[in-house]
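Undergrad: okay, sequence plus prediction incoming.
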Amino acid sequence: MSTMQDAAVRRSRTPAGLEGLPRPGRCLVMGILNVTPDSFSDGGLYVDNRAAIDRGLELAAQGADIVDVGGESTRPGARPVGLAEELARTVPVVRELARAGVCTSIDTMRAPVARAAVEAGASLVNDVSGGLADPAMVSTVAAAGVPYVAMHWRAPSLEMDRHVDYRDVVAEVRDELGRRLWELTERGVDPARIILDPGLGFSKRPEHDWMLLAGLGSLRQLGPLLVGASRKRFIGAALAAGGAGEVPPGERDVATAAVSALAAVSGAYCVRVHDVPASLDAVRMASAYLDFYDRDVDPVRETPVGAGRGSHR
Ligand code: PMM
C-alpha cells in the first residue's frame, strides 16, 4: 500500500464519533469552564454568570469542540456546594452557550443538575463519579439519551486521598471502569453513548497518573476515552523534576499540551483542558502523525480507535 493509501486508511479509522458530538476526525478538545470560587487552577475567575458565558464563547472561538461547564470544585479536600447553588452557577451558562450554538457539557455528580442542564441544551453529561455519587444519575442519563462520561472514582473529594492504594493501577482502573460500564449498560444507558475516563488525579498519586497515561492503549479496549490531565499535580511535579516541589498550575499549559498529544496518539477520544489553542494544535499534530504512523513497528496501535467498543456492545 502507498503512503497516501496508508494515510487514507488511517484517517478512516479515526474515531467515528458519538451521536450529538462534533466529528472533526481527530481527538476532541473539551474546554474547561469552572463556574466556581475554589477550583484548583481557575477558581474565582468565572463565578459571575456573564463572565462565565463570555469565557465559554471565547473557548468555542478558540476551537473547543465542547465547553464543559462545572459548578462544583472536585479538587481533593473540596467541600460540596448546595444543589440550588450548583444549579444557579451552571444552568444559565449552559442555556446561553447552547443558544449561541456551542456544544456544551455539564460537569456534575448530581442528577437534578444533569437533567436541568440537558433541558437547557447540554449535549453531554460529564460525571466524575461515574454514577456512584447520586443513585438517580444513571436513570437520569439513560432517560436523557445524551453521551455520558463515566470517570474512575473511588470516593468524594474530602476522602479521595485515602483511597490511593493499587497493586497494578492500570489493571485495577480497567476492571473498575469495566464494572461501571457493565452496570450502566444493565441499567439502561446506551453503551454507544458511554465515554470512560481514568480519572487522573482522583485517588491517584502522580506515578499512578503516569502509569495510566502510558496504559491508555489497554484502557481503550473498553471504549472511547476522555483524558483530563490539564494542569494537574503530576504535570507540575514532572516539570519540577530535579528541583523541589511543583511548578504552579498557571505554568503547566505547555506541558499539558504535550500530554494532550501523547493521549491523542494513544487513541484518546477527547482531552479536557484549560488552554484550548495549545491542546488543539497538539491533537492536530497527533492526528497528522497518526496518518503516517508506521504500523509495522507497533502493531498494538493497529487496533482501530473505538474497536474495543465491541467488547461491551
Ligand atoms: N477533572 C476535573 C474536573 N472534572 N472531568 C473529567 N471527566 N475528567 C477529569 O479528569 C476531570 C473532570 C478536575 O480538574 P479542574 O478542577 O481543573 O476542572
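TA: Everything's here; your move.

Undergrad: what about residue 48, how many neighbours?
TA: Neighbours of residue 48 under the rule other C-beta atoms under 10 Å: 11. C-beta here means a position set from N, CA and C on the backbone, and glycine is covered the same way.

Undergrad: what sits against residue 44?
TA: Counting by C-beta atoms under 8 Å, 6 or more residues apart in numbering, residue 44 makes contact with 36, 37, 38.

Undergrad: so which of those is the most crowded?
TA: Tallying neighbours with other C-beta under 10 Å puts residue 36 at the head of these, with 27 neighbours.

Undergrad: just curious, which of the contacts of residue 44 is nearest to residue 79?
TA: Nearest to residue 79 among the contacts of residue 44: residue 38, at 8.3 Å, using C-beta to C-beta.

Undergrad: what's the distance between the closest one and residue 161?
TA: Going from residue 38 to residue 161 by C-beta to C-beta, to the nearest Å gives 17 Å.

Undergrad: try residue 151
TA: Here the criterion is C-beta to C-beta. By it, residue 151 lies 16 Å from residue 161.

Undergrad: more crowded one of those two?
TA: Remark: of residue 151 and residue 161, residue 151 carries more neighbours, 25 against 14, as counted by other C-beta under 10 Å.

Undergrad: quick check: closest non-adjacent residue to the closest residue to the ligand within the chain.
TA: Closest approach of the chain to the ligand (C-beta to the nearest ligand atom) occurs at residue 228, with a separation of 2.2 Å. What sits nearest to residue 228 in space, not counting adjacent residues and going by C-beta to C-beta, 6 or more residues apart in numbering, is residue 272, at 4.1 Å.

Undergrad: list phi and psi for the one you found.
TA: Torsion angles at residue 272 (phi, psi; degrees, to the nearest 10) stand at phi -110, psi 120.

Undergrad: give me the number of residues near it?
TA: Residue 272 is flanked by 25 other residues according to other C-beta under 10 Å.

Undergrad: so which bits of the stretch 201-313 of the chain are right by the ligand?
TA: Applying C-beta under 6 Å from any ligand atom, we find that the stretch 201-313 of the chain lies next to the ligand at 226, 228, 230, 272.

Undergrad: count the neighbours of the second one for me.
TA: This points to residue 228. Residue 228 - counted by other C-beta under 10 Å - has 26 other residues nearby.

Undergrad: just the third one next, same as before
TA: For residue 230, the count of nearby residues is 27 (other C-beta under 10 Å).

Undergrad: could you check how far the nearest residue to it once chain neighbours are set aside is from residue 90?
TA: Nearest residue to residue 230, sequence neighbours excluded (C-beta to C-beta, 6+ apart): residue 273, at 4.2 Å. Per C-beta to C-beta, residue 273 is found 19 Å from residue 90.

Undergrad: can you check residue 60 too?
TA: From residue 60 across to residue 90, the span is 17 Å (C-beta to C-beta).

Undergrad: cool, and residue 108?
TA: 7 Å.

Undergrad: in which helix or strand would I find residue 52?
TA: In the assignment (DSSP states H and E), residue 52 maps to helix 49-61.

Undergrad: what's the answer for residue 200, then?
TA: Going by DSSP H and E, residue 200 is not in any helix or strand.

Undergrad: ok, how many other residues are close to it?
TA: Neighbour count for residue 200, taken as other C-beta under 10 Å: 25.

Undergrad: hang on, it packs against residue 232?
TA: Yes - counting by C-beta atoms under 8 Å, residue 200 does reach residue 232; the two are 5.8 Å apart.

Undergrad: need the residues touching each of the two.
TA: residue 209.
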